[in-house]
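> kindly return the folded structure for what I paste below:
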Amino acid sequence: MIDPSLPLAALAAVVVYVVLVAGAQLLRRVRGLGFKWTYHLFALAAGLLVGARLLPEALGWRAAALLHLTAAVVVFAAFPVVTLLNRLCWVRYDRDGKRVEAPRVLIDLTGVGVGLVAVLSAMQFVYTVQVPGLLAGSGVAALVLGLGMQDQLKNMFAGIALHFEKPFKTGDWLLIDGVHARVIEISWRSTRLVTTDEVQIEMDNSALLNQTIYNFELPSPEHAVRATIGLHYDVPPAEAMEVLRKAAASVQGVLQERAPVVYLKDFADSAIVYEIKLWIREHAQQSRILSDVRSHCWYAVRRAGMEIPYPQTVLHQAVKTDTSAAVRESAAAMLRAHKIFGCLSAEQCGALVQASPVVQFAKHEHLLTQGASGESMFVLVKGGVDVRIAFDGPAKSVAKLGAGDCIGEMSLLTGDPRTATVVAEEPVEAVEIGKNVFGVFVRSNPAVLEQLSELLAQRQLANAKHAKEGAVATPEQVRSGILSKLRAFFALG
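Numbering: from 1, shown residues only. Model (predicted):
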């Protein structure tokens with residue numbers, strides 16, 4: 001005959017197991033607390049312990065079963081306790097609701113500590129093993145084990161120090177021993193990083209603490225980087241520094257709210273060396289930004305007629321060859337087709353471009369800046385530009401121009417400030433016609449001013465028809481005023 005207590009014990013074991021598992025599922029849904037598979041071992045041991053207590057004492061194996069099941073419950077209870085402690089102590093959520101965990105070393109130490117306490121408690125209070133005497137007797141073994149694991153222990157304590165001192169965190173860009181790398185994981189033994197070449201490196205925490213660490217994210221992600229360039233001794237430093245500053249400021253990724261600073265760094269053997277200090281926010285883009293800074297500086301100093309000298313160890317005579325004949329020929333034809341300069345003859349257009357320099361711009365460089373003074377115009381021969389105008393807020397794109405278009409002609413003729421910002425969308429090659437060149441031209445061809453004033457007057461009168469208020473001047477007054485302005489600007493009396 002079956003003992004009636006056996007079904008009751010089995011039922012109690014099942015009920016306890018189901019209740020504990022259901023409670024864990026409820027915590028998962030309500031608090032997002034996830035227990036691992038080891039929780040089922042704890043729930044099973046607890047259910048069997050409750051069921052065993054309902055068995056009759058007459059069973060010979062009941063006492064041993066209770067002893068072992070009690071020890072199992074104590075040991076397996078360490079797993080859910082560790083999960084709860086990690087959630088309470090080492091898991092946080094930032095303002096955006098993103099989960100932020102403490103370094104792996106603290107989570108692992110919590111698990112080891114709680115597990116050790118559980119095992120020792122089971123030995124001391126369940127199996128009545130004298131733990132203090134056991135620990136004292138194993139002192140020699142612990143000493144030998146400690147000596148053998150001293151490197152691991154050093155790394156572990158170094159990991160704890162890294163957590164509390166917080167010299168860096170996951171995601172920070174560091175400079176360590178000359179290597180730029182981003183932190184991707186901090187464990188109890190080591191720190192894992194990825195370099196700018198997408199190569200993973202792993203450094204022991206103890207060795208890391210002995211290094212000088214540069215953190216580009218602290219105190220803020222904004223930090224300075226530097227580039228150097230050498231220019232000829234004949235270039236005045238003030239002019240050189242202004243050209244380099246503007247070139248660096250035009251690079252995408254350089255902070256606009258903190259203007260670049262240029263220093264005269266050294267008088268080298270063959271050049272004056274300048275150092276450009278600029279601020280960036282994304283350290284991962286450092287190489288690209290510095291490359292663009294050097295590229296923009298090369299184009300800018302070349303347009304300014306400045307020279308980047310070769311090391312002067314060998315004497316040689318450089319012979320410049322004019323490779324811009326095709327560019328000038330194209331520019332003359334484009335100028336002839338312009339609606340304002342179409343009054344000029346082909347010979348006159350050719351003379352203007354022959355006396356004007358061919359200039360080049362890098363991608364993202366500014367050809368014109370809205371509101372800036374200007375006394376020149378550009379005939380675009382190669383490349384495309386974006387025309388941007390700022391009204392009451394940020395500048396907005398209003399037009400795209402390319403080969404055959406002219407920009408800045410009103411500043412050339414009247415000296416008015418630039419009305420738009422023009423940015424190169426690709427490398428640009430153009431002919432820049434300045435006031436000095438055009439002034440010499442109109443002095444030798446005074447009749448040209450009459451033709452230009454007539455065309456400008458027609459444009460102004462046409463624009464006045466669309467204004468909110470009617471024109472207050474007669475056509476003759478407009479023509480006379482424009483002609484007087486042109487004569488005054490070019491000092492023709």
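> CA atoms for contacts and neighbours, from now on please.
Fine.
> how about the strands of the stretch 101-250 of the chain, start to end?
Listed in chain order, the strands found in the stretch 101-250 of the chain under DSSP state E, counting those that start in this stretch are 173-176, 179-186, 190-195, 200-204, 213-215, 223-231.
> now for Glu222: which residues touch it?
Remark: with contacts taken as Cα atoms under 8 Å, 6 or more residues apart in numbering, Glu222 is in contact with 216, 279-282.
> kindly apply the preceding question to Phe441 instead.
Each residue near Phe441 by Cα under 8 Å, 6+ apart is listed here: Leu352.
> need the strands of the stretch 101-250 of the chain in a markdown table with distance to Phe490, mean neighbour count and mean pLDDT, can you?
Formatted as a markdown table, the entries for these read as follows, by distance: least, Cα to Cα, whole Å; neighbours: other Cα atoms under 10 Å; pLDDT from 0 to 100:
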| stretch | distance to Phe490 | mean neighbour count | mean pLDDT |
| --- | --- | --- | --- |
| strand 173-176 | 56 | 20 | 91 |
| strand 179-186 | 56 | 19 | 89 |
| strand 190-195 | 59 | 20 | 88 |
| strand 200-204 | 65 | 15 | 87 |
| strand 213-215 | 57 | 17 | 89 |
| strand 223-231 | 34 | 17 | 94 |
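> tabulate the ones you listed in a markdown table, adding columns for distance to Lys339.
Shown next, in a markdown table, are those (distance: least, Cα to Cα, whole Å):
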| stretch | distance to Lys339 |
| --- | --- |
| strand 173-176 | 55 |
| strand 179-186 | 55 |
| strand 190-195 | 56 |
| strand 200-204 | 61 |
| strand 213-215 | 57 |
| strand 223-231 | 41 |
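> nearest the middle, which residue of this structure would you pick?
Within the chain, one residue has its C-alpha closest to the average C-alpha position: by Cα atoms, centre = their mean, that is Glu282, at 2.0 Å.
> so where's this structure uncertain?
Within the chain, the set of residues satisfying pLDDT under 70 comprises 1-5, 92-106, 131-153, 155-157, 159-160, 163-164, 312-323, 459-460, 462-473, 493.
> which helices and strands sit right next to the top helix by length along the chain?
Criterion DSSP state H: the longest helix present in the chain is helix 5-31. Under the contact criterion of 3 or more Cα pairs under 8 Å, 6 or more residues apart in numbering; DSSP states H and E, helix 5-31 touches helix 38-53.
> now whatever helix or strand comes next after the helix it packs on against helix 38-53, angle please.
Going down the chain from helix 38-53, the next helix or strand is helix 62-76, by DSSP states H and E. Using axes from the mean of the first three to the mean of the last three Cα atoms, to 10 degrees, one finds that helix 62-76 and helix 38-53 are set 160 degrees apart in direction.
> buried set for helix 62-76?
Residues of helix 62-76 classed as buried: 66, 68-76 (neighbour count, 16 or more other Cα atoms under 10 Å).
> please export the C-alpha coordinates of that helix as CSV.
Included here for helix 62-76 are C-alpha records, laid out as CSV according to Å, rounded to 0.1, in the frame of the first residue of the first chain:
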residue,chain,number,x,y,z
ARG,A,62,14.8,11.1,5.0
ALA,A,63,17.4,12.7,7.4
ALA,A,64,20.2,12.4,4.8
ALA,A,65,17.9,13.8,2.1
LEU,A,66,16.9,16.8,4.2
LEU,A,67,20.6,17.5,5.0
HIS,A,68,21.7,17.4,1.4
LEU,A,69,18.7,19.3,0.0
THR,A,70,19.2,22.0,2.6
ALA,A,71,22.8,22.4,1.5
ALA,A,72,21.7,22.5,-2.1
VAL,A,73,19.1,25.2,-1.4
VAL,A,74,21.7,27.3,0.4
VAL,A,75,24.3,27.0,-2.4
PHE,A,76,21.8,27.3,-5.3
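> only alpha carbons, please: show the helix or strand just after that helix as PDB.
Toward the C-terminal end, the helix or strand that comes next after helix 62-76 (DSSP H and E) is helix 78-89. Coordinates of the C-alpha atoms in helix 78-89 are reproduced here as PDB (Å, rounded to 0.1, in the frame of the first residue of the first chain):
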ATOM      1  CA  ALA A  78      23.500  32.200  -4.300                       C
ATOM      2  CA  PHE A  79      22.500  32.500  -8.000                       C
ATOM      3  CA  PRO A  80      19.300  34.500  -7.700                       C
ATOM      4  CA  VAL A  81      20.900  36.500  -4.800                       C
ATOM      5  CA  VAL A  82      23.800  37.500  -7.100                       C
ATOM      6  CA  THR A  83      21.300  38.500  -9.800                       C
ATOM      7  CA  LEU A  84      19.400  40.700  -7.400                       C
ATOM      8  CA  LEU A  85      22.600  42.300  -6.000                       C
ATOM      9  CA  ASN A  86      23.900  43.000  -9.500                       C
ATOM     10  CA  ARG A  87      20.600  44.700 -10.400                       C
ATOM     11  CA  LEU A  88      20.500  46.800  -7.200                       C
ATOM     12  CA  CYS A  89      24.200  47.700  -7.100                       C
END
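> got the angle between helix 78-89 and helix 5-31?
Using the same axes, to 10 degrees, the direction of helix 78-89 lies 20 degrees away from that of helix 5-31.
> what does helix 78-89 contact?
The contact list for helix 78-89, computed with Cα under 8 Å, 6+ apart, reads 33-35, 38-39, 107, 110-111, 114-115, 118.
> which ChimeraX command selects the buried ones in these?
Here is the ChimeraX command that picks out the buried ones among those, judged by 16+ other Cα under 10 Å:
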select :34,35,39,107,110,111,114,115,118
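> quick one on the thing from earlier: surely the residue nearest to the centre of the chain and Pro221 touch.
Yes - using Cα atoms under 8 Å, Glu282 is in contact with Pro221, at 7.1 Å.
> on that earlier part again, most widely separated two among the contacts of Glu222?
For the contacts of Glu222, the maximum inter-member distance is 11.5 Å, found between Phe216 and Trp279 (Cα to Cα).
> and for these two, which residues touch both?
When contacts are counted by Cα under 8 Å, 6+ apart, the set common to Phe216 and Trp279 consists of 222-223.
> all helices for the stretch 351-493 of the chain, in order.
With DSSP state H, counting those that start in this stretch, the ranges of helices along the stretch 351-493 of the chain come out as 409-414, 435-444, 447-464, 475-489.
> kindly report the same for the stretch 101-250 of the chain.
For the stretch 101-250 of the chain, applying DSSP H, counting those that start in this stretch gives helices covering 104-121, 131-137, 139-148, 150-165, 205-209, 237-249.
> what's the distance between the shortest one and the middle of its chain?
Taking the mean C-alpha point of helix 205-209 and that of its whole chain, the gap between them comes to 27 Å (Cα atoms, centre = their mean, to the nearest Å).
> so what does that helix touch, helix or strand wise?
Contact partners of helix 205-209 among helices and strands, from 3+ Cα pairs under 8 Å, 6+ apart: helix 150-165.
> break the chain into its domains for me.
By the record's domain assignment, the chain is partitioned as 5-137, 165-215, 223-303, 326-442, 446-493 (automatic domain parsing).
> what sits against Leu69?
Counting by Cα under 8 Å, 6+ apart, Leu69 touches 45-46, 48-49.
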